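Chemist: dropping the sequence and predicted coords here.
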Amino acid sequence: DAVADSHWLRADVDRFLVDRALAEGIEYRDRCTVQSVDETDNGLRLRGTWEGRRFEITAAFAVDASGPAGVVAKAMGSETIDRPARFRSGVVFGHFEGVRPLAEIWRDQGAIAEAGPYPDEAAAVHHLLDDGWVYVLPFDHDCVSAGLVLDRRSDSVDLEGAWEGALARHPTLALQFEGARRLLPLESIDQLQFRRSRAVGARWAALPNVYAFFDPMFSTGIAWSLLGVERLAALLSTTDAPDPQSLRKYELLLEAEADQMERLLYGAHLARRDFSLYAAHSQLYFALVSYEEVRQRIFDEDPGEPTWHPLLGAGDEWAEGLLSEAVFRLAESRSTGDGDVARVAEYEGWVAESIAPRNIAGLADTERRNLYPVDLELLVRRAELLGLTGNEMRRLLPRLRGRHR
């Protein structure tokens, strides 16, 4: 539990954050409707309704955290860009109880499932389908969050009907959800992808999830949003309204991160129909994030500095080139219809060679068969990738748990 994936039940996490805000004396108004946003000589004025009453708020600076609605951003002229991504998908999702564990179904069907370094369903389980993918996220109280991300080739696709259709076409999924009860009606979003023309203005700034979104695969949204919160908190800790240069720094970082995220997710979209190809492509993501996470924890940096380190190596010529080349190779393979074993092996070899300068986790190792434990001895052996000797790395290992401050 200390090192593996964890799933955050949003209702619980949001309540925790609200309670902390209230404890700090923050005024919180739930279910407000903002009807207008206007610039004034000293900042912004927001007007709307709350619990049937009109309200008006003036502020020197506003942070837009309203997600795809982009309430402040839209009012300040930041429109969504046409064709924001090179792929298009929608999602239908919900919470269920009584979902059978996948390992139980495998056992009943006689499948051989090699034991991994931790229970498979302690992580996010992705089912890769011809026309999309399904995520299954179990929590620890018999609640499962699940959704179908579906390629959108036509606006006429019935997303809710697509969920039942996916279960009908895939017997393993059907067995897993057989007898499961919906805790709430299914919800759907017709198009996930969007990107806005601007992330900041003189009197406002948008969180990342207001500025752009592409796909829930790899679960980059929470990490990106938290970075945005930290960055804006740093800017606002010393002033009521950040200066234009600081805001531009924030915006340029979001732009670079959005570009890098789109490269990663478009590549996953291209690779998804071949599991081996997709597994190889995912190594690029794991190489980038594992290297940066270990680097930040190992080195004793200014506590505020990691806030400004780009996500996924955005702005790094090597990292951006890596994902651009991946997209090129995957698109070329798809255009020729050449998805044979030789082409997959070629891509796997290219990934292994390309990530070598930052492969501190021992990824792209065929002997692991896609099962990667936390291996501290391997990290010590690869310490030179972080500019350290093995002994130096061994001495610094306690910092991986974040207890050195």
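Modeler: Alright, I've got the coordinates. Just so it is clear, the model here is predicted, and its values are computed rather than measured.
Chemist: could I get the full set of strands for the stretch 1-150 of the chain?
Modeler: All strands of the stretch 1-150 of the chain, identified by DSSP state E, counting those that start in this stretch, fall at 33-39, 44-50, 53-59, 62-64, 89-97, 125-129, 132-138, 144-151.
Chemist: and those strands: which comes nearest Arg368?
Modeler: Smallest distance to Arg368 across the strands of the stretch 1-150 of the chain (CB to CB): 18.2 Å, for strand 125-129. (Each C-beta comes from the backbone N, C-alpha and C, glycine too.)
Chemist: what about this structure, any weak spots by pLDDT?
Modeler: Applying pLDDT under 70 to the chain picks out residues 1-5, 83-84, 153-157, 300-306, 335-339, 402-405.
Chemist: tell me the centre residue of it?
Modeler: When the chain is reduced to its mean C-alpha position, the nearest residue by CA atoms, centre = their mean turns out to be Thr220, at 1.4 Å.
Chemist: looks like that residue contacts Leu311 (just checking).
Modeler: Yes: judged on CB atoms under 8 Å, Thr220 makes contact with Leu311 at a distance of 7.1 Å.
Chemist: what's Thr239 in contact with, if anything?
Modeler: Contacts for Thr239 were tallied using CB atoms under 8 Å, 6 or more residues apart in numbering; there are none.
Chemist: could you point out which element follows the helix ranked longest in the chain?
Modeler: In the chain, with assignment by DSSP state H, the single longest helix is helix 244-271. The first helix or strand that comes after helix 244-271 along the chain, using DSSP states H and E, is helix 275-298.
Chemist: now do the buried residues in that following helix.
Modeler: 277-292, 294-295, 297-298 (16 or more other CB atoms under 10 Å).
Chemist: now do stretch 20-33
Modeler: For stretch 20-33, a neighbour-count test (16+ other CB under 10 Å) marks nothing as buried.
Chemist: contact partners of it?
Modeler: Contacts with stretch 20-33, where a contact means CB under 8 Å, 6+ apart, come from Val18, Gly48, Thr49, Trp50, Glu51, Phe55.
Chemist: mind listing what the closest residue to the last one other than its chain neighbours touches?
Modeler: Same thing as Phe55. Residue nearest to Phe55 in three dimensions, not counting chain neighbours: Gly48, with 6.0 Å by CB to CB, 6 or more residues apart in numbering. Contacts here follow CB under 8 Å, 6+ apart; on that basis Gly48 touches Cys32, Thr33, Val34, Gln35, Ser36, Arg54, Phe55.
Chemist: select from those the one having the most neighbours.
Modeler: Of all these, Val34 has the most neighbours under the rule other CB atoms under 10 Å, reaching 17 neighbours.
Chemist: please verify my assumption that that residue contacts Arg47.
Modeler: Yes: distance between Val34 and Arg47: 7.5 Å, which falls inside the contact criterion (CB under 8 Å).
Chemist: correct me if wrong: Leu102 contacts His127.
Modeler: No: with contact defined as CB under 8 Å, Leu102 does not count as touching His127 (9.1 Å).
Chemist: of the contacts of stretch 20-33, closest to Tyr211?
Modeler: In terms of CB to CB, no member of these lies closer to Tyr211 than Gly48, at 22.2 Å.
Chemist: how far away is Glu332 from Tyr347?
Modeler: From Glu332 over to Tyr347 the distance is 10 Å, taken as CB to CB, to the nearest Å.
Chemist: can you pull the contacts of Leu148?
Modeler: Under the criterion of CB under 8 Å, 6+ apart, the contact list for Leu148 reads Val91, Val92, Phe93, Gly132, Trp133, Val134, Leu159, Ala162, Trp163, Ala166.
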